[in-house]
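> Fold the following, please.
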Amino acid sequence: MVSPTAGRVERPVMYHHWSDITFIHWRYPPGIVQAFLPDGLTVDTYEGSAYVGLTPFLMRGVRAPGLPPLPGLSRFPETNVRTYARDARGRGGLWFLSLDAGNLPAVLGARAAYGLPYYWSDMSVTGAGERRRYRCGRRWPGPSGARCDVDVDLGAALGEAERDGLADFLVERYRLFTVVAGRLVTAEVEHPRWPLHRAHVSGLEQGLLEAAGLPAPDHDPLVHASPGVPVRVGMWRPAARRAG
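This next block holds a predicted model:
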């Protein structure tokens, strides 16, 4: 396993702030996850296991360069189902199985321009102090009715000595992959290292993994939380494919 390293996005095409995020992960056999990846990507594993993450959070400050955040478009909840892959050059990054968002224009724009599997959902992120409540009910496109309701209790901040290699493998990712017009592409993502907290899921009812085609998890998840990071997203570029 090669440790992810942060890059520098010199010319961002979008600015975000990913806030109040919870990372919920389950182990899966690599062969199951590989079946969801396009040609040109290989499942990334840690000690022989693939991982799938469920990540509810609040998107804030969404804007293009030179423009202010637009009312009604710059702040909305989002919940992603994601896994980890490497391209033919060995570069690690995120592959999204689904992205639910509570903003229809953002969903339409991301589906049309970036080929990302966004879904419009009825969503909320609430809570104060050491509690977070995430609610998600999918509206469009189908399968409508897929839900994800999560209650999280936040714990103490993780010190540097407490962060293990698995935590960094799961959260420190600085590249996105997608397919645009039948071609595998990648975009760099720049952000500070995630400040992580211990977290406990006190309530979880979800069907987003199954809606994506995954078998239901059969074990307790690994959970981390973070207050968030500012993000700079670079332009999509063709990703390397295997020779032959």
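> hey, let's count contacts and neighbours off CA atoms from now on
Fine.
> Can you tell me what sits against stretch 55-63?
14-24, 69-70, 73-82, 125, 134 (CA atoms under 8 Å, 6 or more residues apart in numbering).
> Which ones among those lie within strands?
14-24, 76-82, 125, 134 (DSSP state E).
> that older thread, show me which of the contacts of stretch 55-63 are buried.
14-24, 69, 73-82, 125, 134 (16 or more other CA atoms under 10 Å).
> Quick one: distance of the top helix by length along the chain to the chain centre.
Taking DSSP state H as the criterion, the chain has its longest helix at helix 104-114. Centre-to-centre, helix 104-114 and its host chain are 16 Å apart (CA atoms, centre = their mean, to the nearest Å).
> likewise stretch 103-115?
16 Å.
> Please enumerate the helices of this protein.
Going by DSSP H, the chain shows helices at 30-34, 104-114, 165-171, 208-211.
> Quick check: buried residues in the third one?
Looking back up the chat, that one is helix 165-171. Here helix 165-171 shows 168, 169, 170, 171 as buried, counting by 16+ other CA under 10 Å.
> for the shortest one, same thing?
Taking 16+ other CA under 10 Å as the neighbour-count basis, helix 208-211 is seen to contain the buried residues 208, 209, 211.
> tell me how far it is from the chain's mean position?
15 Å.
> Using PDB, write down the CA coordinates of it.
Taking Å, rounded to 0.1, in the frame of the first residue of the first chain, the C-alpha atoms of helix 208-211 are listed here in PDB:
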ATOM      1  CA  LEU A 208     -27.600   3.300  -0.200                       C
ATOM      2  CA  LEU A 209     -24.900   0.600  -0.400                       C
ATOM      3  CA  GLU A 210     -27.600  -1.900  -1.500                       C
ATOM      4  CA  ALA A 211     -29.000   0.600  -3.900                       C
END
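> Identify the residue nearest residue 19 in space, chain neighbours excluded?
Excluding its sequence neighbours, the residue lying closest to residue 19 (CA to CA, 6 or more residues apart in numbering) is residue 228, at 4.1 Å.
> Could you pull up the residues touching the one you found?
Residue 228 neighbours (CA under 8 Å, 6+ apart): 17, 18, 19, 20, 21, 194, 195.
> For the third one, give the beta-bridge partners.
Same thing as residue 19. Using DSSP bridges, the beta-bridge partners of residue 19 come out as residue 58, residue 228.
> shouldn't it be in contact with residue 195?
No. The criterion here is CA atoms under 8 Å, and residue 19 misses it with residue 195 at 11.2 Å.
> Overlap in contacts, those two.
In contact with both residue 19 and residue 195: 226, 227, 228, using CA under 8 Å, 6+ apart.
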